[in-house]
Structures are given as C-alpha cells and as structure tokens.
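Enquirer: can you look at this prediction? I've put the sequence above it.
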Amino acid sequence: MRVLRLGDDIDDYCIKCKRVTNHSILAIVDGEPVKVRCRSCYNEGPYRRCVVPPSKRELQKAALLKQMTEQAPAPPPPVVEAQPARRASQKPARKPAAKTARKKKA
Ligand SMILES: [Zn+2]
C-alpha cells in the first residue's frame, strides 16, 4: 500500500467541478486523507473517496419519500368489526326509548 503524504495527488470527487478531479492532500489522519483541495478549482473539502454525493434533487426526493412513509401508517379500517358494531348501536338506541316509555316515577 502506498503511503500517502501531505501534498500528494489523489483522485476525488469535487463538488464544484462536479466530477472526479486531481486533488492535493491537505490533511491525513491515520494514513487516510481527510481533507483535500481540488487542483482545478482549488476548492477545499473533505476527502470523499470518489463517492459522488447525492444531488439536491435526490435529497429532496428522499425527504419527500420519508415524509410520505411517515404519514402513511394509518390503521386500516376495521372491516370485520363493522357488522357487530352496527348491532351494538341498535341496542342503546332502544334502551333510552324504553326508559322514557316506562316513566318510573313514584
Ligand atoms: Zn474542483
């Protein structure tokens, strides 16, 4: 494995150039470049290991998708309980009617 040194050239993705360009290593931690500078536009940034960061549109899409999945978990309508519930609602409707009809008053 090649030992990296400060100032060495290294390929990395530049967010300004929006492509992989030559970079100079500015900082190394544990033998790994952590900060680099683009040789084309001199933009400094963290070493991205040539990984292209997601675009703004992709981030918006992901945020929207996350929002939708967070709002989605609504409990499904209880289809099975619908019939017994209708019967139960008939009973209390009769009871008050029966009470008023009796009019138990001493
Ligand atoms: Zn650049």
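Expert: Right, received. Where do you want to start?

Enquirer: let me know the secondary structure of the spatially most central residue of the chain.
Expert: Closest to where the C-alpha atoms of the chain average out (Cα atoms, centre = their mean) is residue 66, at 4.3 Å. Three-state call for residue 66 (DSSP: H, G, I helix; E, B strand; the rest coil): helix.

Enquirer: can you pull the contacts of residue 60?
Expert: Listed by Cβ atoms under 8 Å, 6 or more residues apart in numbering, the contact set of residue 60 is empty. The C-beta positions use only the backbone N, C-alpha and C, and glycine is treated the same way.

Enquirer: what do you get if the cut-off is 10 Å, keeping everything else the same?
Expert: residue 54 (Cβ atoms under 10 Å, 6 or more residues apart in numbering).

Enquirer: equivalent analysis for residue 61, please.
Expert: Taking Cβ under 10 Å, 6+ apart, one finds 54-55 in contact with residue 61.

Enquirer: sounds good, over and out.
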